[in-house]
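predicted model, plus sequence, below.
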Amino acid sequence: MNLFVFGLGYSVRQFIHLHRERFMAIGGTVRSPEKARAMEAEGLQAYVFDGAGYDPGIPYRIARADALLVSIPPLGETDPVLAHFSQAIASAPRLRWVGYLSTVGVYGNADGNWVDETTTPDPATIRSRHRIAAEQEWLALGESAPFAVQIFRLAGIYGPGRNALVKVAEGTAKRIVKPGQVFNRIHTADIAGVLMASMEHPSRNAIYNVADDEPGPPQDVIAYAAELLGREPPPEISFDEAEQTPMARSFYSDNKRVRNTRIKAELGVALRYPTYREGLRALLESDEGLKGER
């Protein structure tokens, strides 16, 4: 099976690291020639696509792909992949599976209540509204195509080199407290497991929440990471008093618990790390948990 990826970012590279042997050829896009050279040094066929211009070899790789994974977010109101390659994708003769990586942010705020894939999205930010529009465009493409399109709504991503242990070790962790606030998370290894299970059992126009079993307060995750490292946790800071970037602050506008039942019932997924505790312990015990991002 040949895989082509739009956006060789963090989560996708973790997927490739874990399941590389399942593919005969893997190619993908990056935003600069420098990144392309770095990816090629890792044995990947890299092509430059910055949302506007693109390497002329990309349509050829799409035509040879059996599976297409898209992790590039919208650029404003436009999905850049569909804007440039919708015809090439729709006519790709070998393509059988398309996966689009989205976010649970499309559900918006549920005041701490549970949401699932049947919940009507109610995005609270412009960024999430653009995500919903992109999801709908991909699903519309899949309605008349011979391949299956899947939408994967990801919770807060963590994994090797990008996790609470790193923040605590570097002294950058903050224990921000907003009463009643909870988030779901998902380890990159479990994202990879869901994607592989979907490739093996594709379902047309399916939407999957990719989240762990236990939504929890973010300050608890930092406290647990500090405990694992044998350090004092950073002091609690009220959300109203915390210094945050506008984007970081916007995440706290959504308060919800995300059900992951569908990935288990339809794809047979058993999460390797059902809560942040298993995930952080495994990262601490690994050689890569506290290293920089791959």
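Good, I have the coordinates.

mind listing the helices for the stretch 51-200 of the chain?
With helices called from DSSP state H, counting those that start in this stretch, the stretch 51-200 of the chain shows them at 58-64, 80-90, 126-143, 164-170, 188-200.

got those as CSV, with mean pLDDT, distance to Arg37 and mean neighbour count columns?
In this view, the C-beta of every residue, glycine as well, is placed from N, C-alpha and C. Converted to CSV, those look like this (pLDDT from 0 to 100; distance: least, CB to CB, whole Å; neighbours: other CB atoms under 10 Å):
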stretch, mean pLDDT, distance to Arg37, mean neighbour count
helix 58-64, 97, 17, 18
helix 80-90, 97, 22, 18
helix 126-143, 95, 29, 18
helix 164-170, 96, 26, 20
helix 188-200, 97, 24, 21
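
between the ones you listed, which one is nearest to Glu243?
Closest approach to Glu243 among the helices of the stretch 51-200 of the chain (CB to CB): helix 164-170, 15.2 Å.

and Tyr208, what element?
strand 206-210 (DSSP states H and E).

chain center to the helix or strand following that strand: distance?
Later in the chain than strand 206-210, the nearest helix or strand by DSSP H and E is helix 218-229. Computed by CA atoms, centre = their mean, to the nearest Å, the chain-centroid distance of helix 218-229 equals 22 Å.

kindly report the same for stretch 89-104.
15 Å.

of all the helices of the stretch 51-200 of the chain, which lies closest to Tyr10?
Tyr10 lies closest, by CB to CB, to one member of the helices of the stretch 51-200 of the chain: helix 188-200, at 7.4 Å.

what packs against the closest one?
Judged by 3 or more CB pairs under 8 Å, 6 or more residues apart in numbering; DSSP states H and E, the packing partners of helix 188-200 are helix 10-19, strand 97-103, strand 148-154, strand 156-158, strand 206-210, helix 261-267.

if I look at the closest residue to Glu227 other than its chain neighbours, how far off is Val177?
Nearest residue to Glu227, sequence neighbours excluded (CB to CB, 6 or more residues apart in numbering): Pro233, at 7.4 Å. As defined by CB to CB, to the nearest Å, Pro233 lies at a distance of 12 Å from Val177.

for Pro56, same thing?
Using CB to CB, we find Pro56 at a distance of 52 Å from Val177.

got it, and Ser91?
The gap separating Ser91 from Val177 is 52 Å, by CB to CB.

what's the answer for Arg37, then?
When Arg37 is compared with Val177 (using CB to CB), they lie 44 Å apart.

neighbour count winner among the two?
Val177 (17 against 11; other CB atoms under 10 Å).

that one against Asp240, yeah?
No - using CB atoms under 8 Å, Val177 and Asp240 do not qualify as a contacting pair, with a distance of 9.8 Å.

give me the secondary structure label for Gly28.
Secondary structure, DSSP: H, G, I helix; E, B strand; the rest coil: Gly28 is strand.

my read: it touches Leu44, true?
Yes - contact status for Gly28 versus Leu44: in contact at 6.2 Å, counting by CB under 8 Å.

neighbour count: these two, which is higher?
Gly28 (25 against 21).

find the nearest non-adjacent residue to that one, please.
Nearest one to Gly28, counting by CB to CB, 6+ apart, is Val5 at 3.4 Å.

next, the angle strand 97-103 makes with the helix or strand harbouring the one you found.
Take DSSP H and E as the rule and Val5 turns out to sit in strand 2-6. If you take axes from the mean of the first three to the mean of the last three CA atoms, to 10 degrees, strand 2-6 sits at 30 degrees to strand 97-103.

numbering from 51 from now on, please.
Okay, using 51 as the starting number, the last item reads as strand 52-56.
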